[in-house]
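Asks: Show me the folded form of this:
(one chain, ligands or ions: 1)
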Amino acid sequence: MALSIWRCMLNSSAARCHLHRSLSLYNSSHGFKEEEIKNKLALLTGGSVALIKRENGIAELCIDNPARMNAFTGTMMIELSECVSDLENWQEGKGLIVYGAENTFCSGSDLNAVKAVTNPQDGVMMCMFIQNTLTKLQRLPLISVALVQGKALGGGAELCTACDFRLMTEDSEIRFVHKHMGLVPGWGGATRLIQLIGSRHALKLLSSALRVHPKYALNIGLADEILSSGTDGPLAEAQKWIASYTKGAADVNRAVKKVVASGREKLFEDSLRTEKEIFGTVWGGPANMQALSKGTKHNE
Ligand SMILES: CC[C@H](C(=O)O)C(=O)SCCNC(=O)CCNC(=O)[C@H](O)C(C)(C)COP(=O)(O)OP(=O)(O)OC[C@H]1O[C@@H](n2cnc3c(N)ncnc32)[C@H](O)[C@@H]1OP(=O)(O)O
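Replies: Below you'll find the model as predicted:
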């Protein structure tokens, strides 16, 4: 009885709203004019972003514009945002692999497209649009992995920081080339890079536009693994890698990612409170009851 009252409290709309945080980082109160920038981006066509949601709960998102090393056109930016919204509503989902077509990750914005939006107002609107998308991607209750093959350049380097993990193939590189373009990161990549590797390493990478090869990336904590060139190919290697972090029931996996995502963004006390609320969503749930009734031990 006490447990069901407790669950009822936790399922109140206020708690749900708190847990399923998909509010946009920028909205009209920040001067963001979403429809206006979407209309402009829709004119910059080419390439595509494709999402496959597999039955095992692992999705694959492919950045596909190989003629331009998978650079992002305007329509691809819109498609990415639609794919992320789709993933936000995928209750069976546990994991996500982001990769680029034809063995290279992504070379950032399509330079032909960005030439059409060089005025600072449009630039900032585009930046808000992509930051909204990548923040939602980072907050998804899915373990996300960027499979970096070939080159991750500019915005492509920023995109891979929005994933929880980065797996690099031996010949790949991540490179924040922004300084050479007279820019700084704008897709949220600087903020996320500092969180990932600390401000000293981030400053080195951004101020020198250094090519970050896999061993160096592993060394500074930017990469999580260098994939061996197995016979099945990098995507199959990435699927195997993510499988070991997404075993078991979807709701428990999603709760794990939610506690980490909330802790990553919140102040200490705030994070403890959210952790307690998420805990309440799995405590006494089917996976928990099954483990208790089986007398599960952890000595293997
Ligand atoms: C805040 C993010 C920031 C922004 O929004 O402004 C950016 O992302 S800026 C964009 C950063 N990216 C670049 O500056 C990439 C420039 N391109 C290169 O450095 C090279 O093309 C490279 C290293 C990606 C690949 O070199 P490689 O020798 O292997 O091949 P090619 O140079 O022959 O490239 C093949 C083909 O792809 C076209 N390409 C590559 N990247 C882009 C891009 N970002 N936008 C448009 N087109 C791109 C390249 O021009 C070639 O086309 P081709 O018609 O054959 O000349």
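Asks: Residue of the stretch 51-200 of the chain nearest the ligand, please.
Replies: Nearest residue of the stretch 51-200 of the chain to the ligand: residue 108, at 2.2 Å (C-beta to the nearest ligand atom). C-beta here means a position set from N, CA and C on the backbone, and glycine is covered the same way.
Asks: What is the burial count for that residue?
Replies: Counted by other C-beta atoms under 10 Å, the residues lying close to residue 108 total 29.
Asks: Distance check, it against residue 158.
Replies: Remark: distance between residue 108 and residue 158 (C-beta to C-beta, to the nearest Å) = 8 Å.
Asks: hang on, the earlier thing: enumerate every residue touching the residue of the stretch 51-200 of the chain closest to the ligand.
Replies: Residue 108 makes contacts with 71, 72, 153, 154, 155, 156, 157, 158, 177, as judged by C-beta atoms under 8 Å, 6 or more residues apart in numbering.
Asks: and the first one, backbone torsions?
Replies: Comment: the main-chain dihedrals of residue 71 come out as phi -70, psi 150, following degrees, to the nearest 10.
Asks: Report pLDDT for it.
Replies: With respect to pLDDT, residue 71 scores 98.
Asks: tell me the contacts of it?
Replies: Counting by C-beta under 8 Å, 6+ apart, residue 71 touches 47, 65, 106, 107, 108, 109, 110, 111, 113, 156.
Asks: Go ahead and confirm the second one touches residue 74.
Replies: It stands for residue 65. No. Assessed by C-beta atoms under 8 Å, residue 65 is found out of contact with residue 74, at 11.6 Å.
Asks: between these two, which one's more packed in?
Replies: Between residue 65 and residue 74, counting by other C-beta under 10 Å, residue 74 is the more crowded of the two (26 against 22).
Asks: And stretch 61-70, end to end?
Replies: Terminal residues of stretch 61-70 are spaced 13 Å apart (C-alpha to C-alpha, to the nearest Å).
Asks: list the buried ones in it?
Replies: For stretch 61-70, the neighbour count (16 or more other C-beta atoms under 10 Å) marks 61, 62, 63, 64, 65, 68, 69, 70 as buried.
Asks: And stretch 158-175, by the same measure?
Replies: For stretch 158-175, by 16+ other C-beta under 10 Å, it's 158-169, 172-175.
Asks: circling back to that earlier point, per-residue pLDDT of the residue of the stretch 51-200 of the chain closest to the ligand, please?
Replies: 96.
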